[in-house]
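**Student:** quick one: sequence plus predicted model below, questions after.
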Amino acid sequence: MENIGRFSKLKIIGLDQRFHKELTGITPFDNKKLPRASKVIPVWFEAWRYQHEPLPIVALLNEIRAGFGLWAKVVEEAGKLGSVTFLGVLGAFDETIKAASGGVVAPKLGEISKIGQQWESERYKTPLPSQNISLLLESAIGKALGNKKKLVIFIDDLDRCTPSTALKLLEGIKVYLNLKNCVVVFGMDQRQIERALIKALELESENGEHQAREYLEKICQDIYHLPLPNQQIKWEYLETLLNELDLGEGSHCQYLQAVLTEYDCLPANPRKIKALANRFSVILRRDIMTDDVTVIVNTTIRRQYALLVAMTIIYTFHRQLNEQLEKNPKYINTVIMYAQNPEGVDENLLDPMSGIKPSHNGDKLLPTNPSDSNVFRLHQLFNGLTTIATDEMKVFLGK
């Protein structure tokens, strides 16, 4: 999977979905049958859909149980799953769900909220499930899959859940799914989860980040950080997205590439690049760009697309600054001064830029997170433009 870190290879599907396909041969939402030769039996769980449920682990266990019938046929065709065994596996899930939900067997997803309320009121009366529950589930899955297959559960978008939901789901997984023949794969922003844990566990701010990371590492023994994409890879991903949006005939990508290969303005987060692509498409469909498409070095065209990049990034990531520019386009002169020397601008003028972190101070590169959207990445671009007339900027403001 040497290409899994390249956004250009992912097209529109997410990285975690790509990982699912690499392991199973299909994406989570393919209608195609799971290949018989697959050594992985997948369960896809979109955590954020259940973030308002009191017991997200019950929703996950139900999802696994419901999916069991779909992929059991793959095992059955291989002659390894009889009806008695299959019923035994479902029974094991029923017992686990009963323990997790405080006494209700195999609840329907629509009843989870009611079950959660009951569990919350009786949680201190109900003894913790014994190790026998995990052994029962592990044994049942082993009988169904044999020694050569593993149950792999993909937890998607855990970082989009509320802090309490994320904590409850992690705790439930630790209790019920810490099994030899079961692997849980989290696709998430680790920093976001650590922040959620700090809040959910009410950790002290002084040492909270370290404690949250320690907690997470106890559950996730193997953590893989994606390599940061370089400038070329970020552009290739943006280009793929723009092509998918079908902006019609023209040389928009050619001109945008010229700007974005000269100035490294794009964040490293693919979701943020996708947000930029959508905003680019809105502006480019207005048909306001120069019709003269003679050569890429044409100063007017190059300047216009540089302004397009700058104003699109400001609109997408720096809302307060964008609103100030819509109210007072002449404020662009302050932005240019800030781009040249952030420390040299009068503090009284910088209120619309509060919360924005500079990435440069003159020619000096400052330490900033490459994925954060509050980082100002337009220093060099604005320095290249030198001055900006309000009329040439106004066409990119507004709707």
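**Tutor:** Structure received.

**Student:** can we go C-alpha only for contacts and neighbour counts from here?
**Tutor:** Fine.

**Student:** OK, contacts around the closest residue to Pro56 other than its chain neighbours?
**Tutor:** Spatially, and ignoring its direct neighbours in sequence, Pro56 is nearest to Leu169 (5.6 Å; Cα to Cα, 6 or more residues apart in numbering). Applying Cα atoms under 8 Å, 6 or more residues apart in numbering to Leu169 gives the contacts Leu55, Pro56, Ile57.

**Student:** let's go with 10 Å and repeat that
**Tutor:** Applying Cα atoms under 10 Å, 6 or more residues apart in numbering, we find Leu169 in contact with 47, 50-51, 54-60, 155, 158, 161, 175.

**Student:** pull out the buried residues from those.
**Tutor:** Buried by 16 or more other Cα atoms under 10 Å: 47, 50-51, 54-60, 155, 158, 161, 175, out of the contacts of Leu169.

**Student:** gap between the residue nearest to Pro56 and Ala310?
**Tutor:** For Leu169, the distance to Ala310 (Cα to Cα, to the nearest Å) stands at 41 Å.

**Student:** swap in Ala92?
**Tutor:** Distance from Ala92 to Ala310, counting by Cα to Cα: 57 Å.

**Student:** next, count neighbours for Asn369.
**Tutor:** Asn369 has 13 neighbours, counted by other Cα atoms under 10 Å.

**Student:** Glu214 now?
**Tutor:** By the measure other Cα under 10 Å, the count of residues near Glu214 is 13.

**Student:** coming back round to it: distance to Leu203 for the contacts of Leu169 - can I get that in TSV?
**Tutor:** Formatted as TSV, the contacts of Leu169 follow (distance: Cα to Cα, whole Å):
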residue	distance to Leu203
Ala47	23
Tyr50	25
Gln51	21
Pro54	22
Leu55	22
Pro56	22
Ile57	23
Val58	26
Ala59	27
Leu60	27
Ile155	25
Leu158	20
Cys161	19
Val175	22
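
**Student:** can I get these in CSV including secondary structure and pLDDT?
**Tutor:** Converted to CSV, those look like this (DSSP: H, G, I helix; E, B strand; the rest coil; pLDDT from 0 to 100):
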residue, secondary structure, pLDDT
Ala47, helix, 90
Tyr50, helix, 86
Gln51, coil, 83
Pro54, coil, 81
Leu55, coil, 84
Pro56, helix, 88
Ile57, helix, 87
Val58, helix, 86
Ala59, helix, 87
Leu60, helix, 88
Ile155, strand, 91
Leu158, helix, 89
Cys161, coil, 89
Val175, helix, 84
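
**Student:** what is the most widely separated pair among the residues you listed?
**Tutor:** Pairwise distances across the contacts of Leu169 (Cα to Cα) peak at 19.7 Å, for the pair Cys161 and Val175.

**Student:** per-residue confidence averaged over stretch 321-338?
**Tutor:** For stretch 321-338, the mean pLDDT works out to 94.

**Student:** for that stretch, which positions count as buried?
**Tutor:** 321-325, 329-332, 335-338.

**Student:** next one: stretch 265-282
**Tutor:** Within stretch 265-282, the residues that count as buried by 16+ other Cα under 10 Å are 265-270, 272-278, 280-281.
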